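**Q** okay, here's the prediction I keep looking at, along with the sequence it came from:
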Amino acid sequence: MKFLEDIILRLGAVDRRVIFVLIGLAVLIPLLTPISLPVRETPTTVKFYDGIEDIPKNSKVLVSFDYGPSTRPEIHPMNVGVLRHMLRNGHQIYISCLWPDGIYMALDALEEITDEVNPDNVSTFDIKEYEDYILLGYRPGAEAVIKGLASDLRKVYTVDANGNFIDDIEMMDGIKNLNDFAYIYSGSAGYPGTFEWVKYGGDPTGVPMSSGTTSVQVNEVIPYVQTGQLIGLLAGMPGAAEYEKLINVPGIAIQGMAAQSFAHIVIVIFIVFGNLAFFLKQRRDRKY
Amino acid sequence: MLLKRYIPIAIVAFFGALTLSAWFIDNETIETFANDDATQFFDIIAAFAVFLGALNLLKLQFIKVLKQQSGWIYSAIAIASFFFAFIIGFFIRGAYFVGEDVYFSQKAAEAAILSSGSSEVVVPVDWGAHVQTDGSLFQWMFKYIFSPLSATMFALLAFFVASASFRAFRARNFEASLLLVAGIIIMLGRVPVGSLISSWTIMYILAFSIGIGINIYLKNRNMVFGWILGSCGLITGFGMTMGWPIDQPAIFFLPALQEWIYLVPNLAGSRAILIGIGLGIVATSLRYIFGLEKSYLGE
Amino acid sequence: MSFSAILGAWIAAFLTLGIFSYLYRDNPFYKIAEHVFVGVSAAYVAAISFWTQIYPNLFGRLFPKDGPLAFTGLEFDFNHEFNILYLFPMLLGIMMLISVFQQFNWMARWGIAYTVAIAAGLKAFGYLNSNVLNQVKASSVDIFSGSLPFFSLGGDSVFNNIVLVVGTLSALMYFYFSKEQTGNFGRFTRLGIYFLMISFGASFGFAVMGRISLLVGRFNDLIEYSSADYNYATLGVLVFIIVTLGFWSFQNPERKEN
């Protein structure tokens, strides 16, 4: 028993680089040897999916890319899924960005969708810019941008991301402000993002909205889901994996779930083991 | 004093009051100015602030290089990287269209036309659009330099979180234990592996944990044995009767338990924090508008 | 794969593994990658801010096509009309840039004051409406309804609603420091602490989830760059960094703290 205690205490004082190696392997090995784990949808994700299904067909929707490369693994699969879902239902998509990197995330997402082919090698989505989607682009200013969009979109965006005048684009006819959209979605990694869209976009205009957020933000955003200010929520990479399952297009989020799961198990083992070592040490110190 | 103190305070008071009152006053001029122009001013000044930040950064790095302070070589690298990206962003279009193909330079585009023998012309991208165009040099810099650096800086935290979980996360008291247990349930319940852990496993773990608790606090061996035997027997009996369904009883099934914790007690705590933050922000904003808070002046 | 893509992959792999090398110890590769990040990100954000905001929305409004200031030779056609009010943000912006010099430090205060003003005016209402009023409204839940079950793990129930109300009130009461938290009040606020601890525990769980997700993303990219398409960039850079770091560590042994 004392021998076991000694081993636990010694392991409890191990160099942190050993922990780094273990967590690195816990993530790397499942990525190299793909393991499929069943994904179980949570109520907030189902609510999100149903919220998009409830949008009247062929509506105009605003999708905001409010994240960058630092949070891409969590938000990007969600946004790609949302674009797919929206396009499948015949909606016209208006893409805005509150983060400077958002524009490249949007370009990548559109490329991913247009590159996709079905088993007959035919492009799944034959989408055209200015018919199916328009890339409005990035504007700095956070909540001030959203406030401007809620009032007069054309004051904020005079040209789109390609430099074309908004007034000359047919797809922009009849769009004055946020009230002219049927739905607002924000893939958000922090500030500016979900909170700002709720406060200055969704709440003042009453336009139905929802969001996909990073796991770190989920706990702060959940009160908005319960109040109905957000219709459902995609919570981090697990949320993205659940959504991929619902729209029936498994992607990078589902693939990453095995690595996520194993890493979580390893961290739980670390917590339990660390506390065990701590209590044993306390007991020994009290004895002596 | 007038320029350095009173005018900034007056700016905050005037524009703060104007923006706040625009939510409530039904006057088109005020609403249009507050919602459109005032916010545009904010966006423009925010853009200038970015340049100020860049200039300050350059100033500090240059001072380090000129004075040859410790680590000045790295400051030189920072300066060189800045000018590399600055030149690409401001002086090089980096996107020349030949049909739908994009080339970094006019020369490369013309060479492509010559080699393909097509009659296409080179169309340079507009200034402004060159930072948002797919396939541009600016996007290449974003994809292969900025993006990996930004992403990796954040990904590094995963290792430190794991290390902190092992070395620092201690259940020293009831509150910390509550935090720990809630965290573990969320971590396991939210990922696919949580649905592979049977609720009966959780019940056995719980039974043993309570047994350990009885041993620590009551120090009664008979009670511990009695509890362990009794609880395990009961769990086994129920399990055999019910056929060991993986997700029943639901209260011990991690995904279901996690969902309840997430949507009920956790929501209560989060809501309280959100309301508290909201009230604090309202109070602080009013303090700024009324000139009671002058921290932006460095006071 | 094009030459620019392969070169980009090698650069990306070097920078990524350079940052990760910090896990071993602070070293020149990490410092190089860190300083490149600092330099590139400053210029990147400056370029984006200028071309998407200052260029179309400021210059486009002060120097529109055929505008009164067209005589300066500057004309920016963004479908705007001349608006003299935009001289104000231009003045404030220029003052901000001049403030980089020590003796003109105070000039930044005007621009900062304006941004503080707008932020305060926007946030005061936004937070009051969305964070306070809507959340308080949602806290008035159904407790006495006959249609709700007493307890439900997944959906609405009377028990869940009671827990929500009690939890929200007790946690809010904890933040009331104008009264000493003793007696029954102290017991109630202690309950609030427990709810807050559960919330923080959930936040911790989600934070771990988020960080691991980001690591999954990085490893996915490194695995992609280790393929033959990118000339085994990850592997090449990894070997180079390990060998160089090994040699460097030998020359600079780690000092053990007493």
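**A** Nice, thanks for sending it over.
**Q** burial count for residue 168?
**A** Just so you know, I chose chain A. When neighbours are counted by other CB atoms under 10 Å in any protein chain shown, A:Asp168 registers 10. In short, each C-beta sits where N, CA and C put it, glycine included.
**Q** hmm, I had chain B in mind actually
**A** For B:Ala168, using other CB under 10 Å, the count is 9.
**Q** quick one, helices of chain A?
**A** Under the criterion DSSP state H, chain A contains helices at A:2-12, A:16-32, A:43-53, A:72-88, A:102-115, A:143-151, A:153-156, A:194-196, A:203-205, A:215-227, A:236-246, A:252-287.
**Q** also the stretch 1-150 of chain C?
**A** C:3-20, C:28-49, C:60-62, C:87-98, C:108-126, C:134-139 (DSSP state H, counting those that start in this stretch).
**Q** could you dump these to TSV with distance to A:Ile23?
**A** Output for the helices of the stretch 1-150 of chain C, formatted as TSV (distance: least, CB to CB, whole Å):
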stretch	distance to A:Ile23
helix C:3-20	12
helix C:28-49	18
helix C:60-62	50
helix C:87-98	43
helix C:108-126	39
helix C:134-139	37
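**Q** so which of those gets nearest B:Gln132?
**A** The minimum distance between B:Gln132 and these falls on helix C:28-49, with 8.3 Å, by CB to CB.
**Q** gap between the closest one and the chain center?
**A** Mean-position distance between helix C:28-49 and its chain equals 16 Å (CA atoms, centre = their mean, to the nearest Å).
**Q** now stretch B:241-257
**A** 35 Å.
**Q** and that stretch, anywhere near chain A?
**A** Yes - Stretch B:241-257 lies within reach of chain A by CB under 8 Å from any CB of the partner chain, at B:Pro255.
**Q** check stretch B:100-119 too.
**A** No - for stretch B:100-119, no contact with chain A is found by CB under 8 Å from any CB; the gap never falls below 11.6 Å.
**Q** what's the mean pLDDT across that stretch?
**A** For stretch B:100-119, the mean per-residue pLDDT is 89.
**Q** CA-only coordinates of it in PDB, if you can.
**A** Written as PDB, here are the backbone C-alpha positions of stretch B:100-119 (Å, rounded to 0.1, in the frame of the first residue of the first chain):
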ATOM      1  CA  GLU B 100     -11.200  33.200 -63.200                       C
ATOM      2  CA  ASP B 101      -7.500  32.400 -62.400                       C
ATOM      3  CA  VAL B 102      -5.700  34.800 -60.000                       C
ATOM      4  CA  TYR B 103      -2.000  35.600 -60.100                       C
ATOM      5  CA  PHE B 104       0.200  37.500 -57.700                       C
ATOM      6  CA  SER B 105       1.800  39.700 -60.200                       C
ATOM      7  CA  GLN B 106       1.100  41.300 -63.600                       C
ATOM      8  CA  LYS B 107       4.200  39.400 -65.000                       C
ATOM      9  CA  ALA B 108       2.900  36.000 -63.900                       C
ATOM     10  CA  ALA B 109      -0.500  36.700 -65.300                       C
ATOM     11  CA  GLU B 110       1.000  37.800 -68.700                       C
ATOM     12  CA  ALA B 111       3.300  34.700 -68.700                       C
ATOM     13  CA  ALA B 112       0.200  32.500 -68.100                       C
ATOM     14  CA  ILE B 113      -1.600  34.100 -71.100                       C
ATOM     15  CA  LEU B 114       1.500  33.600 -73.300                       C
ATOM     16  CA  SER B 115       1.900  30.000 -72.300                       C
ATOM     17  CA  SER B 116      -1.800  29.200 -72.800                       C
ATOM     18  CA  GLY B 117      -2.000  31.200 -76.000                       C
ATOM     19  CA  SER B 118      -5.400  32.500 -75.000                       C
ATOM     20  CA  SER B 119      -6.800  35.900 -75.900                       C
END
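**Q** ok, is it in contact with chain C or not?
**A** Yes - for stretch B:100-119, a contact with chain C is found by CB under 8 Å from any CB, at B:Phe104.
**Q** list the buried ones in that stretch?
**A** B:102-105, B:109, B:112-113 (16 or more other CB atoms under 10 Å in any protein chain shown).
**Q** who is B:Asp101 paired with across the strands?
**A** With DSSP bridges as the criterion, the beta-bridge partners of B:Asp101 are B:Val98.
**Q** spit out the contact partners of A:Glu143.
**A** If you count contacts by CB atoms under 8 Å, 6 or more residues apart in numbering or on different chains, A:Glu143 has them with A:192, A:196, A:199-200, C:119, C:122-123, C:126.
**Q** cool, B:Leu263 as well?
**A** B:Leu263 neighbours (CB under 8 Å, 6+ apart): A:43, A:222, A:226, C:160.
**Q** just those that are near chain B?
**A** Okay, of those touching chain B (CB under 8 Å from any CB), that's A:43, A:222, A:226, C:160.
**Q** quick revisit: and of the buried residues of stretch B:100-119, the nearest to C:Ala5?
**A** Scanning the buried residues of stretch B:100-119 for proximity to C:Ala5, where the rule is CB to CB, the winner is B:Phe104, at 12.1 Å.
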